[in-house]
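Q: This is a predicted model, with the sequence first.
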Amino acid sequence: MCYSEGASIAAFMIDILIGTLLYLQLVPVTKKKRSIQDDKLLSYVLFGLASMQLGEFIIHTDPTCTGANQAGSHFAFYSLLFIQPIFSYTGILLHGIKRTFYGFNIVFVVWNISLITYALNASYISVDDDFYSETLGKNVSKWCTTDFECEGFGCPLKWNWDDLNQSWFGYIMYFFLVIFLPIVSVNAWEFWLVVFTLFLIVQTATNAAILRVGAACLWGPILVGLMQYFMIPYYFKTWIRSNSRSTRRNYETVGNTS
């Protein structure tokens, strides 16, 4: 969800480039330390996100909504609803850690139930309503994505066709399917869960333009690639688990001496 034509195509290329580098292991890697499977899973998430950047690029090429804009809006809608979740799930299926519960892959079960719920709610969206576009100064189809949420750098487009994700339910379901389930399926899940949570907290607590979702489409994938390259998730995971073992040993020692 980038904020301009140039930003959208740049974000698309960044997603594809970082995703390809991670998937094909085209950067130096210490295989004993960095999880190749994590790299590959994250690459699928980035490839899925790239589809949204492509949709928004098409939208930005037609600001007066004479044709391509509506096509881009429809593509972006299906990117949110199906393309991105399916890419994330494919990465989980091929490269994720299996989280089993009574013999069932719990991520597989939860993903399918969540997607069905997400899609059923999307089926109730009204697609025929018009709205008044402040940019164009007239009533247009809700598939004409012409207005912005705010002003200035990093301000994303206003998706009038996306009634589902404008609600808290849809917003949570999208991030659950596309981001959260892949996070719990990587080796260094603790690190990425902390990063994702901090991003949501900071984004909510500040109005800084650079932290808007429309700006994060540019620096977010780069940050993911750099963190994987410098093995920050590995070192964080090692530190967390080392402290956990130390705490458990101390607790057992205290218990044995009491």
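A: Structure received. Note that this is a predicted model, so its numbers are computed, not measured.
Q: ok, how many other residues are close to Val109?
A: Residues lying near Val109 (other Cβ atoms under 10 Å) number 12. Where you see a C-beta, it was placed from the backbone N, CA and C, and this is true even at glycine.
Q: Do a quick rundown of the helices in the stretch 151-258 of the chain.
A: Under the criterion DSSP state H, counting those that start in this stretch, the stretch 151-258 of the chain contains helices at 168-175, 181-183, 189-205, 213-229, 232-257.
Q: Of these, flag the one that's most buried.
A: Of all those, helix 181-183 carries the top mean neighbour count, a mean of 24, counting by mean count of other Cβ atoms under 10 Å.
Q: so Asn139 sits in a strand?
A: Yes. When classified by DSSP: H, G, I helix; E, B strand; the rest coil, Asn139 is found to be part of a strand.
Q: picking up where we left off before, nearest to Ile86, out of the helices of the stretch 151-258 of the chain?
A: Proximity to Ile86 (Cβ to Cβ) singles out helix 181-183 among the helices of the stretch 151-258 of the chain, at 12.0 Å.
Q: Spatially central, which residue of the chain would that be?
A: Closest to where the C-alpha atoms of the chain average out (Cα atoms, centre = their mean) is Ile179, at 4.8 Å.
Q: So, low pLDDT: which residues of the stretch 51-200 of the chain?
A: Along the stretch 51-200 of the chain, segments meeting pLDDT under 70 span 123-128, 163-166.
Q: how about the helices of the stretch 151-258 of the chain in CSV, adding distance to Glu151?
A: Shown next, in CSV, are those (distance: least, Cβ to Cβ, whole Å):
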stretch, distance to Glu151
helix 168-175, 22
helix 181-183, 33
helix 189-205, 18
helix 213-229, 12
helix 232-257, 35
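Q: Now do the helices in the stretch 1-150 of the chain.
A: According to DSSP H, counting those that start in this stretch, the stretch 1-150 of the chain carries its helices in the segments 5-23, 36-60, 68-78, 84-95, 106-122.
Q: No more questions from me, cheers.
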